[in-house]
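# Need a 3D model of the sequence below.
(2 chains)
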2 protein chains.
Amino acid sequence: MESFILYVISDSAGETANKLIHAAMAQYPNVQMEIEHFPFIRTEGLLLDILRKAKQENAMVVHTLVIDDLSLIVNQFCEEQQLFCFDMLNPVVREIQRRTGEIPTKKAGAMHQLNDNYFHRISAIEFAVKYDDGKNPKGFLEADIVLLGVSRTSKTPLSMFLANKNLKVANLPLVPEAHIPDELWKVDPTKIVGLMNSPEVLNTIRRERMISYGLNPDTAYSDMTRIHEELDSAKALYDKIGCLVIDVSRKSIEETAAIILSSMNLSDRSYEN
Amino acid sequence: MESFILYVISDSAGETANKLIHAAMAQYPNVQMEIEHFPFIRTEGLLLDILRKAKQENAMVVHTLVIDDLSLIVNQFCEEQQLFCFDMLNPVVREIQRRTGEIPTKKAGAMHQLNDNYFHRISAIEFAVKYDDGKNPKGFLEADIVLLGVSRTSKTPLSMFLANKNLKVANLPLVPEAHIPDELWKVDPTKIVGLMNSPEVLNTIRRERMISYGLNPDTAYSDMTRIHEELDSAKALYDKIGCLVIDVSRKSIEETAAIILSSMNLSDRSYEN
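Modelled structure (predicted):
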């Protein structure tokens, strides 16, 4: 009998494997795989217990073990027992070794070292929270990226997502009536992104938001004339600034973020050691 | 000559491959690989241009292409040209197909579909920003997780990280003098996490924070007696609540988050379709 159980084994938090499983499962919207996580597995005894259980359940095994002995154990066990096994990390790690001649640290959790880069990322997240929603325009001058957009153009989640890549992001909600803070005009326009959305999408989202608040959905906030007015006024501002404009209506935050990085020639700074 | 260039090719935003590269590079703190990102590659012509350039530069190729023709092209090209190639996604995708008999959608960017789960995640991030730093104790009653901790115990980044997993998180900073909001006593203690840190780490972090603000580092904020007082008072509160307590002093947010999820028997909800 084929089993629909997937074991994710890692000697660290297991985030890399999580991402892979998430991407693989997205290909099967109708399949319910049972996913069992085994993070922080760093001893042979514990690993063997998990593998024996995997064998009993005929589970698929995906791992990101970097500790040499442990990854060998999994790969051998699965081969002998004819259990599906995918070693996510070692093929790439070994190829880098071959090319550079460097010895990998083989240190579990190396990605999560509390180094300068890590603390910069923490600061970037705190920066994004602090300067979210135009809370303090002083943030614009320190930011790597300033996001502008009318209500419901995903400014906040986009800011947090980019912050996780070690970028300092501030955002400003646009309302036609509101005064644009002077600081915005002092920012290099190449650092600014204007977010647009389609009027229909905004109308739907805003109506749902009103309903979720237990309020009448047919308010000025969701009114189409008003939405057009807001978008026109935003577009006029973007033209005046001369900044990059992105329509987020059919894009996820991951996709919008990838466009921003490539347009601004910025890289994911969470890599740097 | 061996080249230190790595090409990351994806038909979507490339986040899964990014995570892998990040984990692999963490094994080589002294190596500077040049990483080139090619997100949203969905046509054969564009893909072949990239592969030819990869060949010229003898680059390592890592890809997460799910579109059948495209992943075949890469795998064949790299085999013929003896270029290192790692197909991150298809081995697992194919094994799920074999086990379930389901046909994968082969839709690029399936992970970033704007479905209910996606919008829940966006709400969770907005929730975390709204209820960060004890801004509104009403959030405690709606939250999946309530984080407590003295200043500099990574409450904010941890909240954002968990929010990305589709969990509603509120946090409250603890100061011995402050009144604990009544709402906290109405929360199920199994939903509460008390964060601790070592006095030495807190002292170092807080001194640095004062210096970065251009202030005298030897203030009450970084004073060891004061820090002990804060931690003792926090610990007394955690005991009174009877909640999970985690010392974050040598843990990254990823590690702390993994401990919280497994202790609370919560799963990463960003998977669900």
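# tell me the SS of the closest residue to residue A:28 other than its chain neighbours?
Distance criterion CB to CB, 6 or more residues apart in numbering or on different chains; nearest residue to residue A:28, sequence neighbours excluded, is residue B:102 at 5.3 Å. C-betas here are computed from N, CA, C, even on glycine. Judged by DSSP: H, G, I helix; E, B strand; the rest coil, the three-state class of residue B:102 is coil.
# residues touching residue A:174, list them.
With contact taken as CB atoms under 8 Å, 6 or more residues apart in numbering or on different chains, residue A:174 is in contact with A:148, A:149, A:150, A:230, A:233, A:234, A:237.
# residues contacting the residue nearest to residue A:142 when sequence neighbours are not counted?
Leaving aside its sequence neighbours, residue A:142 sits nearest to residue A:168 (CB to CB, 6+ apart; 6.2 Å). Counting by CB under 8 Å, 6+ apart, residue A:168 touches A:123, A:124, A:127, A:128, A:142, A:143, A:144, A:145.
# how about JSON lines for those, with secondary structure, pLDDT and neighbour count added?
Below are those laid out as JSON lines (DSSP: H, G, I helix; E, B strand; the rest coil; pLDDT from 0 to 100; neighbours: other CB atoms under 10 Å in any protein chain shown):
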{"residue": "A:123", "secondary structure": "helix", "pLDDT": "88", "neighbour count": "17"}
{"residue": "A:124", "secondary structure": "helix", "pLDDT": "92", "neighbour count": "24"}
{"residue": "A:127", "secondary structure": "helix", "pLDDT": "93", "neighbour count": "21"}
{"residue": "A:128", "secondary structure": "helix", "pLDDT": "94", "neighbour count": "30"}
{"residue": "A:142", "secondary structure": "helix", "pLDDT": "95", "neighbour count": "11"}
{"residue": "A:143", "secondary structure": "coil", "pLDDT": "96", "neighbour count": "22"}
{"residue": "A:144", "secondary structure": "coil", "pLDDT": "96", "neighbour count": "18"}
{"residue": "A:145", "secondary structure": "strand", "pLDDT": "97", "neighbour count": "25"}
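# Next, format these as TSV and append distance to residue B:118.
Putting the contacts of residue A:168 into TSV (distance: CB to CB, whole Å) gives the following:
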residue	distance to residue B:118
A:123	28
A:124	23
A:127	25
A:128	20
A:142	30
A:143	26
A:144	25
A:145	22
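# from these, which two are the most distant?
Using CB to CB, the contacts of residue A:168 reach their maximum pairwise distance at A:123 and A:145, which is 15.0 Å.
# before we move on, back to that, now, which of the contacts of residue A:174 lie within helices?
By the criterion of DSSP state H, membership of those in helices covers A:230, A:233, A:234, A:237.
# My guess is the first one contacts residue A:150. True?
Yes: counting by CB atoms under 8 Å, residue A:230 sits close enough to residue A:150 to count as a contact (4.6 Å).
# what do these two both touch?
With contacts taken as CB under 8 Å, 6+ apart, residue A:230 and residue A:150 have A:174, A:175 as neighbours in common.
# quick one on the thing from earlier: in ChimeraX, select just the buried ones from the contacts of residue A:174.
Here is the ChimeraX command that selects the buried residues among the contacts of residue A:174 (16 or more other CB atoms under 10 Å in any protein chain shown):
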select /A:148,149,150,230,234,237
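# Among the contacts of residue A:174, which one sits closest to chain B?
Within the contacts of residue A:174, proximity to chain B (CB to the nearest CB) peaks at residue A:149, which comes in at 13.7 Å.
# What is the burial count for residue A:211?
By the measure other CB atoms under 10 Å in any protein chain shown, the count of residues near residue A:211 is 12.
# State the helix or strand in which it lies.
For residue A:211, the element it lies in under DSSP states H and E is helix A:199-212.
# Pull the distance from that helix to the chain's centre.
On the basis of CA atoms, centre = their mean, to the nearest Å, helix A:199-212 sits 24 Å off its chain's mean C-alpha point.
# which residues sit against it?
Under the criterion CB under 8 Å, 6+ apart, residues A:150-153, A:216-219, A:221-222, A:224, A:227-228, A:231, A:249 lie in contact with helix A:199-212.
# Next, the buried residues of that helix.
Applying a neighbour-count criterion of 16+ other CB under 10 Å, one finds A:199, A:201, A:202, A:203, A:205, A:206, A:207, A:209, A:210 buried in helix A:199-212.
# What's the per-residue pLDDT of the residue of chain A positioned farthest from its centre here?
Relative to the C-alpha centroid of chain A, counting by CA atoms, centre = their mean, residue A:80 is the outermost residue, at 37.3 Å. Here the pLDDT value assigned to residue A:80 is 96.
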